[in-house]
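Student: Quick one: sequence and predicted model below, then my questions.
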Amino acid sequence: MESLKIVHPFRPVRLLPFVLVTALAVLAVLLLPPMSQPTAYHEFADRRALFGVPNFFDVASSVAFLLAGLAGLAVVFRRRTAFEHPAFEHPAFEHPAFEHPIERWPYAVFFAAVLLTAVGSAYYHLAPDNERLFWDRAAMAVAFMALIAAQLVDRVDVRAGLALLLPMLIAGVATVLYWRASERTGAGDVMPYAILQGYGAVALLLLALQPSRYTHGAHLFWVLFAYLAAKLMEHFDRELLAFGHVASGHTLKHLTAAVGAFVVCRMLHARSVRPNRVALT
């Protein structure tokens, strides 16, 4: 019986832009002055209550993350995402979302974090304060880092991406732990977490510019677009609510960010290993 050989040579040059932007982010954390959490951060535009739930629309819109997380986990762990030798005539071979089963884990962490973002976001918006915000931000930090690791696996090297997954998750959560600890001492510093958000967007953009071993890799640009659109909506929270008084910018931010997670889900559902990545020997 023929054996299957997966061809994806590691090219260190592909890792260089990621290493450089990571080094710049670390330097920024070390050199930039502290930045306190704005006191008005928790004063969201839409405070309408419904069905006895305060801030109903910001709370309810968090359900979008729950749906995206569940859908993503279902796709990640479905049988047809496991790679099979074509000699077995397994239908999964036509659209294997993962060349190696172990590659599913960064995406599994990502969608689990998106699911937990629903819980953290709803919990926070019921009674916004720094202590509750910690749980929202911790889940988002995990999601950022897991998605970056997933793209390293897809576009740079499987071993490198998997090896960096845990350190990146620890670093992401550390920025939120540091922020909460600094708030509790009365000298709040949200700068490391703010840098993490910018770092996540830049790192994903640099990785998106590199070819993926899979089809539909360009979906990552739509994920980035959704993220940037969500940040804009968050900034114009009050202005968007004033426009028709239907939904605030923060509510729309939740929905738009969840769309980004659904795009990742769609990418995994539709993609397959590029034919030139597989060779039979």
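Tutor: It's in. Numbers count the residues shown, from 1 in each chain.
Student: Please point out which parts of stretch 242-253 sit buried.
Tutor: For stretch 242-253, the neighbour count (16 or more other CB atoms under 10 Å) marks 247-253 as buried. Every C-beta, even on glycine, is put in place using the N, C-alpha and C of the backbone.
Student: which residues are in contact with it?
Tutor: Applying CB atoms under 8 Å, 6 or more residues apart in numbering, the contact partners of stretch 242-253 are 44-46, 57-58, 61, 230-231, 233-241.
Student: out of those residues, which are buried?
Tutor: Counted by 16+ other CB under 10 Å, those give 44-46, 57-58, 61, 230, 233-234, 236-237, 240-241 as buried.
Student: The closest residue to residue 53 other than its chain neighbours and residue 121, how far apart?
Tutor: Nearest non-adjacent residue to residue 53, counting by CB to CB, 6 or more residues apart in numbering: residue 59, 5.7 Å away. Counting by CB to CB, to the nearest Å, the gap from residue 59 to residue 121 is 8 Å.
Student: Give the residue from these two that has the larger number of neighbours.
Tutor: Between residue 59 and residue 121, counted using other CB atoms under 10 Å, residue 121 has the larger neighbour count: 28 against 20.
Student: what separates the host helix or strand of the more buried one from the chain centre, distance-wise?
Tutor: Assigning secondary structure by DSSP states H and E places residue 121 in helix 104-126. Relative to its chain's centre, helix 104-126 lies at 9 Å (CA atoms, centre = their mean, to the nearest Å).
Student: can you check stretch 262-281 too?
Tutor: Distance, centroid of stretch 262-281 to centroid of chain: 19 Å (CA atoms, centre = their mean).
Student: Please apply the same query to stretch 63-75.
Tutor: 13 Å.
Student: got the CA coordinates for it in CSV?
Tutor: In CSV, the C-alpha atoms belonging to stretch 63-75 read as follows (Å, rounded to 0.1, in the frame of the first residue of the first chain):
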residue,chain,number,x,y,z
VAL,A,63,-25.2,35.5,22.6
ALA,A,64,-23.7,35.9,19.1
PHE,A,65,-20.3,34.8,20.5
LEU,A,66,-21.9,31.8,22.0
LEU,A,67,-23.4,30.7,18.6
ALA,A,68,-20.1,31.4,16.8
GLY,A,69,-18.1,29.4,19.4
LEU,A,70,-20.4,26.4,19.3
ALA,A,71,-20.5,26.4,15.5
GLY,A,72,-16.7,26.6,15.4
LEU,A,73,-16.2,23.8,17.8
ALA,A,74,-18.6,21.6,15.8
VAL,A,75,-16.6,22.2,12.7
